[in-house]
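**Q** One predicted model, sequence on top.
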Amino acid sequence: MDINREIKWFSVHITNAHVHGNNILTQLKNCQKGKLTGNQKGSLLSIIIPAYKNWKSNNDELIGYSDIIIRRRAASVNKYKNQIKDAPFSAQTKFHSTVIEEFLFYLFRDWIQELNSEDDSPKILLGRSKAYSNLYFAPKNLSAFIATPTMRINVKNQDFTIYRKILIKTNGESKKFNVPIVAIECKTYLDKTMLEGAIATADKIKNGNPYCLFMVVTELYEVSYDVDPTYSRIDQIYVLRKGNGANTIDYEVVKDLFNFVIHHLKRDWSDIKKRLETEGKIL
């Protein structure tokens with residue numbers, strides 16, 4: 001397999017939304033520079049790349065988000081995960097966790113495209129992003145504050161988001177940032193330290209936008225059952241390999257995940273009067 005030809009293929013056929021595809025492209029460039037071991041190079045060229053192309057092609061052919069389509073997407077990612085399960089790349093490369101990120105892109109892509117179909121330019125975007133957490137002001141002194149408020153924006157890298165770009169202009173200053181309405185951390189496994197990090201991130205993201213749905217999607221859950229995340233601002237933790245011992249990503253879990261997110265996107269967020277009249281609930 002020709003490395004330069006494969007680099008060209010990936011450069012043409014993947015976008016920023018194909019997070020795992022970009023991870024493979026990075027490994028290809030490392031291979032070109034001689035940075036991979038023989039085992040890594042062999043696995044990349046003979047197993048991973050053909051399997052990825054098939055997985056991407058399969059998801060490109062699957063259009064929509066019906067139960068049947070979601071079931072087929074789950075079967076497709078299971079097939080791909082099984083093919084690359086022995087890929088010799090460390091956790092630091094995020095090789096395996098980016099599979100879940102790209103899978104979420106395929107899962108929600110068509111619903112978001114339909115939502116944006118009436119706009120000349122998409123308003124709602126999805127994928128990895130620097131998500132807004134808060135705005136503050138940092139003038140050097142009173143004179144500087146009188147001249148301009150000196151806005152600063154804090155952001156947090158998020159594995160997967162559904163978001164909108166927002167532009168704020170005031171007193172000659174302008175800032176553009178991504179406000180998430182869904183934020184998801186993607187893990188191959190979740191341990192106590194990772195959970196604590198996710199809890200801290202949920203606080204930051206929800207301080208910036210309390211209407212944002214914050215979730216963790218993981219393949220395996222390795223936190224003690226004595227630790228209850230209910231007290232946190234995480235809205236849900238989905239464990240794709242249900243029961244923690246399953247060999248495959250469970251279709252029912254994926255379907256519930258999809259419906260949970262879509263329900264949030266469709267529901268009223270701040271219309272208290274309507275929720276009171278139709279549901280008898282305020283929150």
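**A** Good, I have the coordinates. All values reported here derive from a predicted model rather than from experimental measurement.
**Q** and the top strand by length along the chain, which residues are buried?
**A** Of all segments of type strand in the chain, defined using DSSP state E, the longest is strand 151-170. Within strand 151-170, the residues that count as buried by 16 or more other CB atoms under 10 Å are 151, 153, 155, 156, 158, 159, 160, 161, 162, 163. Glycine gets a C-beta too; all of them are placed from N, C-alpha and C.
**Q** ok, the fifth one to residue 169 distance?
**A** Going back to what we said before, that points to residue 158. Per CB to CB, to the nearest Å, residue 158 is found 25 Å from residue 169.
**Q** How about the fourth one?
**A** As defined by CB to CB, residue 156 lies at a distance of 23 Å from residue 169.
**Q** returning to that earlier point: just checking, what packs against the longest strand of the chain?
**A** Applying 3 or more CB pairs under 8 Å, 6 or more residues apart in numbering; DSSP states H and E, one finds that strand 151-170 contacts helix 97-116, strand 125-137, strand 173-190, helix 192-208.
**Q** any chance of these in a markdown table, plus mean pLDDT and distance to residue 35?
**A** Shown next, in a markdown table, are the helices and strands packed on strand 151-170 (pLDDT from 0 to 100; distance: least, CB to CB, whole Å):
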| stretch | mean pLDDT | distance to residue 35 |
| --- | --- | --- |
| helix 97-116 | 96 | 18 |
| strand 125-137 | 93 | 23 |
| strand 173-190 | 94 | 23 |
| helix 192-208 | 95 | 28 |
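**Q** Mind listing what's buried along the helix or strand containing residue 53?
**A** Using DSSP states H and E, residue 53 sits in helix 49-61. For helix 49-61, the neighbour count (16+ other CB under 10 Å) marks 49, 51, 52, 53, 55, 56, 58, 59 as buried.
**Q** Include distance to residue 253 and pLDDT when you put the residues you listed into TSV, please.
**A** Converted to TSV, those look like this (distance: CB to CB, whole Å; pLDDT from 0 to 100):
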residue	distance to residue 253	pLDDT
49	28	96
51	23	97
52	23	98
53	26	97
55	19	98
56	22	98
58	20	97
59	18	97
